[in-house]
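**Student:** Following is a predicted model, sequence given first.
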Amino acid sequence: HTRRPSGHEYVSNEDFDQAVACFRHAIRVNDRHYTAWYGLGAIYFRQEKYDLAEFHFGKALHINPRSSVLHCHLGMAQHTNRKPYVALDTLAGAFRIDPRNPQALYQRATIFMALERPREALAELEKVRDAAPREASVHFSMGRVLKRLGRPEEAMRAFLTALDLDPKDNNLIKAAIDRLDEPDVDEDVSGF
């Protein structure tokens, strides 16, 4: 008797067609199988089918409303679907469950930057940095926010910290450092 791979195993091997088939089968067997709804949402998000991702994450969250992780994934899909205020409301649900959730803090910072609210973004990123001080992407995002706030020396320190923590992404970080003296042109803070 051989074991059949799960949808999540297929996803990890990037065999999305088989993964979708597994998740759909699981939902046919039990339509309250929130991990299958989540799995479909994750696949659609990776495939940039954000409306479908939002729908499936929403179904998973409806079944399991106490999951801060599901709130985060739904919020991320909503933000990507250009619904930043809806996403902020969804992320508020994640904070009610886990007030220090670093994923939700990081996503909220990204939304605040998109809404041209860099001070609020920086406050969120500082909390994430405190929770995950060795996460290069947090320092990189902080550098971008600090640059936007007209604080180039602090931005340089944040970029250099990101470079120290993750030397493999040095081209992106070095390009940001090279642009420190240039005016800010609507940079995407989630691009790291």
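**Tutor:** Structure received.

**Student:** what about the chain, any weak spots by pLDDT?
**Tutor:** 1-5, 169, 185-192 (pLDDT under 70).

**Student:** how about the helices of it, start to end?
**Tutor:** 7-12, 16-29, 34-46, 50-63, 68-80, 84-97, 102-114, 118-131, 136-148, 152-165, 170-178 (DSSP state H).

**Student:** closest one to Asp184 among those helices?
**Tutor:** Across the helices of the chain, Asp184 has its closest neighbour in helix 136-148 (5.2 Å, CB to CB). For glycine as for every other residue, the C-beta is placed from the backbone atoms N, C-alpha and C.

**Student:** I'd like the distance from that closest one to the chain centre, please.
**Tutor:** Using CA atoms, centre = their mean, to the nearest Å, the mean C-alpha position of helix 136-148 is found 15 Å from that of the whole chain.

**Student:** Name the surrounding residues that touch it.
**Tutor:** The set of residues external to helix 136-148 that reach it, using CB atoms under 8 Å, 6 or more residues apart in numbering, is 106, 109-110, 113, 118, 121-122, 125-126, 128-129, 132, 152, 154-159, 161-163, 165-166, 169, 172-173, 176, 180, 184, 187, 189-190, 192.

**Student:** From those residues, list just the buried residues.
**Tutor:** Using 16 or more other CB atoms under 10 Å as the burial test, these include 106, 109-110, 113, 118, 121-122, 125, 128-129, 132, 154-156, 158-159, 161-163, 165-166, 172-173, 176, 189-190, 192 as buried.

**Student:** tally of neighbours for Tyr50?
**Tutor:** 19 (other CB atoms under 10 Å).

**Student:** Report the separation between it and His73.
**Tutor:** From Tyr50 across to His73, the span is 12 Å (CB to CB, to the nearest Å).

**Student:** next one: Val11
**Tutor:** Remark: distance between Val11 and His73 (CB to CB) = 14 Å.

**Student:** And those two? Which one has more around it.
**Tutor:** His73 (25 against 21).

**Student:** Tell me the spacing between the closest residue to the more buried one other than its chain neighbours and Gly75.
**Tutor:** Among residues not flanking His73 along the chain, Phe57 sits closest, at 4.8 Å (CB to CB, 6 or more residues apart in numbering). To Gly75, Phe57 is 9 Å away according to CB to CB.
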